[in-house]
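[1] Have a look; sequence and predicted model below, questions after that.
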Amino acid sequence: MSQINFNSTSSITATDLGPSSSLQLMFAKLQLELSETAKSQALERMESISEQQEEQKLVSSLLNEARQSQADAKAGVSAGSESVTYSNGKTEKNTKNCTLMSKEMVDYMDKNGLAYDKTGNDYNHSEEEWDVAIASLEARLEELGTDTQQQMV
């Protein structure tokens with residue numbers, strides 16, 4: 001009887017089984033090969049789902065941050081001395097009745113092509129300007145949730 005390698009998927013041919021092998025043995029070996037392939041595909045899918053769930057946590061955190069920043073802008077809370085240096089090298093400070101997007105939020109939104117208000121060509125957002133970023137993050141979170149559910153099925 002030939003040895004079966006469970007660590008890799010390879011094709012079994014009739015020559016691997018030998019001339020004296022029974023049809024039942026050939027069928028059993030093919031079933032083992034198919035089950036190994038299904039197992040590796042399931043593991044890949046589970047890894048993908050896990051990565052999407054991590055991204056969902058990040059988006060949820062950014063969404064909470066955006067909502068809090070919007071509330072702070074509405075309340076007129078802004079630290080005049082707070083400044084942020086972004087990936088593009090731009091450094092900004094809060095202005096009155098506005099709050100700054102965090103570097104992490106800007107990077108994530110740019111990376112994923114999410115919309116946010118670019119009025120004034122800055123990352124300072126008033127209460128109304130936060131609506132665009134919040135809507136984009138909500139849509140992304142919903143999209144990730146739907147994708148995860150479909151993959152789980």
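    Looks like it arrived, so ask away.

[2] tell me the SS of G89?
    Here G89 is coil, with the state taken from DSSP: H, G, I helix; E, B strand; the rest coil.

[3] Neighbours of H125, how many?
    For H125, the neighbour count with other Cβ atoms under 10 Å is 26. The way it works is simple: take the backbone N, C-alpha and C, and place the C-beta from them, glycine included.

[4] residues in contact with it?
    S69, Q70, A73, C98, T99, L100, M101, Y116, D117, A133 (Cβ atoms under 8 Å, 6 or more residues apart in numbering).

[5] could you measure it against I134, distance?
    The gap separating H125 from I134 is 10 Å, by Cβ to Cβ, to the nearest Å.

[6] can you list residues touching both of the two?
    With Cβ under 8 Å, 6+ apart, H125 and I134 have common neighbours Q70.

[7] Which other helices and strands does the longest helix along the chain contact?
    Scanning the chain for the helix with the most residues, using DSSP state H, yields helix 23-75. With contacts taken as 3 or more Cβ pairs under 8 Å, 6 or more residues apart in numbering; DSSP states H and E, helix 23-75 sits against helix 14-17, strand 99-100, helix 103-111, strand 124-125, helix 130-152.
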